[in-house]
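Chemist: Okay, predicted coordinates and the sequence, questions at the end:
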Amino acid sequence: MDKKEIFRIIKTFSSARAPSGLEKARGELFKSELEKIMTGKNAKVNADSLNNYFVKFTGNSSKKTIAILAHMDEIGGTIRKIKKNGSLEFSKRGGYEGRWLVSRKISILNKEGKWINGVIGGRSPHATPPKLRGEEKIEPLEMEIFIGAQDKEEVITKFKIHVGAPFVFSGEFELLNEEYNKNIISGYSMDNLVALTGLILLTNKIVNSLLDGSGNLTKSFDLYIVATTREEIGTEGSLFFARNKSIDEIIALDIGLVENFPGTVSSDIKLNDGPVIVWQEASGSGVFDYQLCKTLVEVAEQSNIKYQDGVLEFYGSDAGKVQKWLGIPSALVGIPTMFAHNVPEICTISGIEDAAELIYQYLKNHN
């Protein structure tokens, strides 16, 4: 696929918002893109009861089963309280901090399935004493959303918003400076639209090179390609899927954290230096399978794929939880991404391509 087609795919996925627990619309787009690739092949895209979308390719001897995962959901929030004056209080849905929320535009899903625009309010610097500006720690639970309603009754009857309604963060999804660079993407929900798009690229490579005429995998293992749900709120989708399938090995595709600001903890990951092979996450409580990580490094070096080693301190993933709680050997491949869990996030089309190629080479050379 060329870069223009890859951008079309990720832009298509971005058109369906997917707060954790409501990923079906994005899952249907994922299914549609997979079906285009698999036309004429003996493979079907399925969804389980938790709305994980997956396809299985059967190998020629099925000695083991490998699953490649990427999650569909994105961070957002949930309306917790409707106040008498028409403003809304909220809880987080996924992890982020309050310091970047002031004046952030959001979209709330109402009872009729419409997205209602809102703005998270905060004190203006023109009305805040200097001491408070420097000392104030902004907590999301103390913040409010303005939608233009006059009172609580109007929120409920006119805007059709209820306690429990989900919201996502709004913004533009685009090439950052298309005239000058057709590789850098700027947008919301890059975590994990980039990896979801990577699954499409990977599947395209598999269909074109690793399947026989009947649509079966020409390898000695079975393979699942899985778009998972609820990762941002505890990796529920991946755990549910892995518990209900006989899986021997998992590789999750997600974002790799590009951080170089003072005060951050990082592995000095760069935006353009290749996919990140993650050895550990979650402040040391998420240790990936050493041999699987080592093999991914060897594959990258043998295939002349530029790669980076990473340890992600304040981070958790589908792969990490499956390794920890189910004992399935797992690895995490990250697509370098800047400004994670903010809006906008920054990534590159080449980063998606390189991560998909690394996993493809691993599968291609797997005995």
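Modeler: Yes, it's here. Residues are numbered from 1 along each chain as shown.

Chemist: OK, contacts around the nearest residue to residue 329 once chain neighbours are set aside?
Modeler: For residue 329, ignoring the flanking residues on the chain, the nearest one in space by Cβ to Cβ, 6 or more residues apart in numbering is residue 289 at 3.9 Å. For glycine as for every other residue, the C-beta is placed from the backbone atoms N, C-alpha and C. Residue 289 sits next to 323, 329-331 when contact means Cβ atoms under 8 Å, 6 or more residues apart in numbering.

Chemist: Repeat the analysis, applying 10 Å as the threshold.
Modeler: 249-251, 279, 295, 319, 323, 328-331 (Cβ atoms under 10 Å, 6 or more residues apart in numbering).

Chemist: So which of those are in strands?
Modeler: 249-251, 279, 330-331 (DSSP state E).

Chemist: Grab the two from those that are most spread out in space.
Modeler: 249 and 279 (16.4 Å; Cβ to Cβ).

Chemist: Look at those two and report which has more neighbours.
Modeler: Neighbours were counted for residue 249 and for residue 279 using other Cβ atoms under 10 Å; residue 279 has more, 20 against 17.

Chemist: ok, that one to residue 25 distance?
Modeler: According to Cβ to Cβ, to the nearest Å, residue 279 stands 35 Å off from residue 25.

Chemist: Give me the neighbour count for residue 30.
Modeler: Residues near residue 30, counting by other Cβ under 10 Å, number 29.

Chemist: Equivalent analysis for residue 170, please.
Modeler: Neighbours of residue 170 (other Cβ under 10 Å): 16.

Chemist: now it, nearest residue through space, not along the chain?
Modeler: Excluding the flanking residues, the one nearest residue 170 by Cβ to Cβ, 6+ apart is residue 105, at 4.2 Å.

Chemist: Now do stretch 35-50: distance from first to last residue.
Modeler: Start-to-end span of stretch 35-50 (Cα to Cα, to the nearest Å) is 20 Å.

Chemist: What residues sit buried inside that stretch?
Modeler: In terms of neighbour count (16 or more other Cβ atoms under 10 Å), stretch 35-50 has its buried residues at 37-38, 41, 43, 45, 47, 50.

Chemist: Which two of the residues you listed have the greatest separation?
Modeler: By the measure Cβ to Cβ, 41 and 50 form the most distant pair in the buried residues of stretch 35-50, at 25.6 Å.

Chemist: In the protein, where is pLDDT below threshold?
Modeler: In the predicted model, the chain carries pLDDT under 70 at residues 126, 133-136.

Chemist: Just the CA atoms of whatever helix or strand residue 193 lives in, as PDB, please.
Modeler: Residue 193 is part of helix 190-209, with elements assigned from DSSP states H and E. The C-alpha coordinates for helix 190-209 follow below in PDB (Å, rounded to 0.1, in the frame of the first residue of the first chain):
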ATOM      1  CA  MET A 190      -4.000   8.200  17.500                       C
ATOM      2  CA  ASP A 191      -3.800   5.700  20.400                       C
ATOM      3  CA  ASN A 192      -4.800   3.400  18.900                       C
ATOM      4  CA  LEU A 193      -5.900   4.300  15.300                       C
ATOM      5  CA  VAL A 194      -2.200   3.900  14.200                       C
ATOM      6  CA  ALA A 195      -2.100   0.300  15.400                       C
ATOM      7  CA  LEU A 196      -5.500  -0.600  14.000                       C
ATOM      8  CA  THR A 197      -4.300   0.700  10.700                       C
ATOM      9  CA  GLY A 198      -1.100  -1.400  11.200                       C
ATOM     10  CA  LEU A 199      -3.300  -4.500  11.500                       C
ATOM     11  CA  ILE A 200      -4.800  -3.800   8.100                       C
ATOM     12  CA  LEU A 201      -1.300  -3.400   6.500                       C
ATOM     13  CA  LEU A 202      -0.100  -6.600   8.200                       C
ATOM     14  CA  THR A 203      -3.200  -8.500   7.000                       C
ATOM     15  CA  ASN A 204      -2.600  -7.300   3.500                       C
ATOM     16  CA  LYS A 205       0.900  -8.600   3.500                       C
ATOM     17  CA  ILE A 206      -0.300 -11.900   4.900                       C
ATOM     18  CA  VAL A 207      -3.000 -12.300   2.300                       C
ATOM     19  CA  ASN A 208      -0.600 -11.500  -0.500                       C
ATOM     20  CA  SER A 209       2.300 -13.600   0.600                       C
END
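
Chemist: and that helix, which residues are buried?
Modeler: Across helix 190-209, burial judged by 16+ other Cβ under 10 Å covers 190-207.

Chemist: Check the offset of that helix from the chain's centre.
Modeler: 12 Å (Cα atoms, centre = their mean, to the nearest Å).

Chemist: got it, and stretch 44-52?
Modeler: Stretch 44-52 sits 17 Å away from the centroid of its parent chain (Cα atoms, centre = their mean).

Chemist: Pull up the distance across that stretch, start to finish.
Modeler: Start and end residues of stretch 44-52 are separated by 14 Å (Cα to Cα).

Chemist: just stretch 154-173 next, same as before
Modeler: End-to-end span of stretch 154-173 (Cα to Cα): 31 Å.

Chemist: So what's the gap between that stretch and the chain middle?
Modeler: Chain-centre distance of stretch 154-173: 22 Å, with Cα atoms, centre = their mean.

Chemist: Show me how the protein divides into domains.
Modeler: Structural domains assigned to the chain are 3-74+188-364, 76-169, following automatic domain parsing.

Chemist: Just the terminal-to-terminal distance for the first one.
Modeler: Which is domain 3-74+188-364. With Cα to Cα applied, domain 3-74+188-364 spans 23 Å between its terminal residues.

Chemist: Buried subset of the contacts of residue 289, written for PyMOL?
Modeler: A single PyMOL command selects the buried members of these (16+ other Cβ under 10 Å):
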select buried, resi 249+250+251+279+295+319+323+328+329+330+331
